[in-house]
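>>> sequence below, structure please.
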Amino acid sequence: MASKQLAKRTYADFSKTIGSGQVGNFYIFHGEEKFLLERSLADIRDKLCPDGPGGFNYRRYEGSAVTIDELDIAVNTLPGFAERALVEVFDYDIFPRVKRKQDNSDEELEDADEGGNNGDTAHADADRERLLALLSDLPDYVCLIFIYDTLLYKPDKRRKFDAGILACADVMEFEVQEKKLLVSWITRHFKDAGKSISPADAEYLAFITGGYMSSLLGEIGKVSVYSTGERVTRGDIDTVVTPILDTVIYKLTDALVSGNNAAALRILDELLRMREAPHRILFNISVKMRQLLAARVWVEHGLDRASLMEVCGIRYDFQATPLMNTARKTSLPQCRSAVLACSDSALLMNSSAAPEACLIELVAKLGYVN
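Have a look, this model is predicted:
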C-alpha cells in the first residue's frame with residue numbers, strides 16, 4: 001500500500017521522484033495544468049511500459065462504465081516479461097455522492113454515509129467498501145492511476161470512505177505554475193525558436209493565456225513565426241495571440257483604472273456582443289475598484305507594492321503598476337465612491353430587466369476615476 005502523502009509537493013519535486021525511478025503503486029492525478037499532467041503520465045509510461053501503450057503491461061480504462069470487477073482483474077493480473085504493470089483510469093469518480101430519495105419524491109436528501117436503508121443505498125455502500133478494500137491492498141507489481149480529466153475532483157475528508165481512499169493514495173495536483181517558473185519556461189521556449197523576450201512581456205503572455213502551458217506552447221509558436229525581429233515585442237503578442245475572456249475583462253478594468261473611459265466603453269461593448277454575463281463583468285469591475293481603494297490606502301501609509309499584491313491576490317507586476325500609479329493620483333474619497341457605485345449597480349442589476357444598461361451607466365460613472 002502506498003504511504004500516505006503528508007505534504008503537498010511541487011511538480012518539480014514529483015517529476016524528480018519519478019525520474020529517479022521511484023514510481024508508487026496508487027496515484028490520483030487532477031488539476032488545471034493538463035500539460036504537466038500529461039507529461040507526468042508520459043514519464044511513468046516510459047518507466048513502466050517501454051513497449052508503449054500497445055504493450056501487454058499497459059491497461060487503460062475510460063469513464064464511469066468501468067466496474068469494480070474490471071478494476072480487480074486489471075490490478076491483480078501479473079505483468080508479462082516485466083516487473084510492473086500500469087493501469088490508467090480516466091474520469092472515474094472515486095468519491096461519488098450517493099443520494100437516497102424519500103418515497104416517490106425526486107428530492108435528494110442526504111449522503112449515503114449518513115444513513116438510509118433502501119436497496120440502492122445498501123448496494124452502493126457495499127460497492128464502496130469493496131473498492132476501498134481493493135485500493136487499500138494493491139499488489140506491489142502494479143501502478144494504478146486515477147486521472148480526473150473532465151470530472152471535478154472533490155473528495156470530502158469528513159466522509160469515512162473518502163478519508164480511507166486518501167489515506168492510501170498519492171494525490172498529485174497539477175496547478176498553473178508560479179510566475180517565476182512560467183517566465184523562465186516561456187523564455188526558454190522562445191530561445192529554442194531563435195527568439196528572445198523580456199521578462200515583462202513573458203509575464204504578459206502568461207497572463208493573457210491564463211498561464212496554461214498547453215495554450216502557451218501554441219501561442220509561442222505563432223508569435224515566433226510572426227515576429228520579424230530577434231526580440232519578441234508586446235505588439236507581436238497582441239497581434240497574433242487570442243486572449244482568454246478574463247483578459248478582455250481585465251483590459252476593461254485596466255482602462256477604468258487608467259481613466260480611459262472611451263476605451264472602457266468600447267471593451268464593454270465588445271464583451272456584451274460576446275454575450276458575456278453582465279453579473280460576471282460587474283464582479284470583475286468591483287474587484288478592481290476594491291483593489292484601487294486598497295492601493296490608495298497603501299500609498300497613504302507608505303506600504304510597498306509587494307504587500308499590496310499579496311493582500312489583493314495580484315499575480316503579475318504589470319497588473320499592480322497601474323493600480324499604484326492611479327492610486328497616487330486619486331483621492332481616498334474618489335476610491336470609496338467607486339466601490340460604492342459598484343455596490344449600487346449590483347443592487348440595481350439584481351432587480352433590473354436590462355442589466356446591460358446598468359453596466360453601461362456604471363462604466364460611464366467610473367470614468368472620472370483617474
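
>>> quick one: classify Asp93 as helix, strand or coil.
The three-state assignment at Asp93 reads coil, by DSSP: H, G, I helix; E, B strand; the rest coil.

>>> what ranges does the stretch 101-250 of the chain have for its helices?
For the stretch 101-250 of the chain, applying DSSP state H, counting those that start in this stretch gives helices covering 119-136, 160-168, 179-192, 199-208, 213-226, 234-240, 245-257.

>>> mind putting these into JSON lines with mean pLDDT, distance to Ile73 and mean neighbour count?
Heads up, the C-betas are built off the backbone N, CA and C, glycines and all. JSON lines is the format used below for those (pLDDT from 0 to 100; distance: least, CB to CB, whole Å; neighbours: other CB atoms under 10 Å):
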{"stretch": "helix 119-136", "mean pLDDT": "81", "distance to Ile73": "11", "mean neighbour count": "15"}
{"stretch": "helix 160-168", "mean pLDDT": "94", "distance to Ile73": "20", "mean neighbour count": "17"}
{"stretch": "helix 179-192", "mean pLDDT": "95", "distance to Ile73": "41", "mean neighbour count": "16"}
{"stretch": "helix 199-208", "mean pLDDT": "94", "distance to Ile73": "44", "mean neighbour count": "21"}
{"stretch": "helix 213-226", "mean pLDDT": "95", "distance to Ile73": "34", "mean neighbour count": "17"}
{"stretch": "helix 234-240", "mean pLDDT": "96", "distance to Ile73": "50", "mean neighbour count": "15"}
{"stretch": "helix 245-257", "mean pLDDT": "82", "distance to Ile73": "45", "mean neighbour count": "20"}
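
>>> which stretch among the ones you listed comes nearest Met274?
Proximity to Met274, assessed across those by CB to CB, is greatest for helix 245-257 (7.4 Å).

>>> helix 199-208 and the closest one, what's the angle between them?
With axes from the mean of the first three to the mean of the last three CA atoms, to 10 degrees as the basis, helix 245-257 and helix 199-208 are set at 120 degrees to each other.

>>> can you state the direction angle for the helix or strand following helix 245-257 and helix 245-257?
Going down the chain from helix 245-257, the next helix or strand is helix 261-273, by DSSP states H and E. Comparing the axes of helix 261-273 and helix 245-257 via the same axes, to 10 degrees yields an angle of 150 degrees.

>>> which other helices and strands contact helix 261-273?
With contacts taken as 3 or more CB pairs under 8 Å, 6 or more residues apart in numbering; DSSP states H and E, helix 261-273 sits against helix 245-257, helix 278-300, helix 355-365.

>>> next one: it to chain centre, how far?
When C-alpha coordinates are averaged (CA atoms, centre = their mean, to the nearest Å), helix 261-273 and its chain have centres 27 Å apart.

>>> ditto for stretch 45-52
Relative to its chain's centre, stretch 45-52 lies at 29 Å (CA atoms, centre = their mean).

>>> low-scoring stretches of the chain, by residue?
1-8, 97-123, 368-370 (pLDDT under 70).

>>> okay, now the domains of it?
Here the domain assignment for the chain is 11-173, 179-240, 245-368, based on automatic domain parsing.

>>> burial count for the nearest residue to Gly80 once chain neighbours are set aside?
Spatial nearest neighbour of Gly80, chain neighbours left out: Phe56 (4.5 Å); criterion: CB to CB, 6 or more residues apart in numbering. Neighbourhood size, Phe56 [other CB atoms under 10 Å]: 13.

>>> please apply the same query to Arg231.
A count of neighbours around Arg231, defined by other CB under 10 Å, yields 12.

>>> which residues does it bridge with?
Taking DSSP bridges as the rule, Arg231 bridges to Ser196.

>>> that one reaches Ala202, doesn't it?
No: using CB atoms under 8 Å as the test, Arg231 is too far from Ala202 to be in contact (11.6 Å).

>>> closest to Asn25 out of the helices and strands packed on helix 261-273?
Smallest distance to Asn25 across the helices and strands packed on helix 261-273 (CB to CB): 38.9 Å, for helix 245-257.

>>> what does that closest one rub up against?
Residues external to helix 245-257 that are found in contact with it (CB atoms under 8 Å, 6 or more residues apart in numbering): 207-208, 210, 243, 261, 263-264, 267-268, 270-271, 274, 276, 280-281, 284-285, 287-289, 292, 319, 322-323, 326, 363, 366-367, 369.

>>> give me the buried subset of the residues you listed.
Using 16 or more other CB atoms under 10 Å as the burial test, the contacts of helix 245-257 include 207-208, 210, 243, 261, 264, 267-268, 271, 276, 281, 284-285, 288-289, 292, 319, 322-323, 326, 363, 366-367, 369 as buried.

>>> where's Gln22 relative to Val75, distance?
Noted for Gln22: a distance of 20 Å to Val75, by CB to CB, to the nearest Å.

>>> pretty sure Ala202 sits against Ile186.
Yes: look at Ala202 against Ile186 with CB under 8 Å: they come within range, at 4.3 Å.

>>> ok so, going back, which one of Gln22 and Val75 has more residues nearby?
Neighbour totals were compared for Gln22 and Val75, and Val75 leads with 22 against 9 (other CB under 10 Å).

>>> tell me if I'm right that that one and Val87 touch.
Yes: with contacts counted by CB under 8 Å, Val75 reaches Val87, the gap being 5.8 Å.

>>> shared neighbours of those two, which are they?
Common neighbours of Val75 and Val87 (CB under 8 Å, 6+ apart) are 142, 144.

>>> dump the helices of the stretch 101-250 of the chain to a markdown table, plus distance to Asp344.
Below are the helices of the stretch 101-250 of the chain laid out as a markdown table (distance: least, CB to CB, whole Å):
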| stretch | distance to Asp344 |
| --- | --- |
| helix 119-136 | 49 |
| helix 160-168 | 43 |
| helix 179-192 | 35 |
| helix 199-208 | 30 |
| helix 213-226 | 37 |
| helix 234-240 | 34 |
| helix 245-257 | 16 |
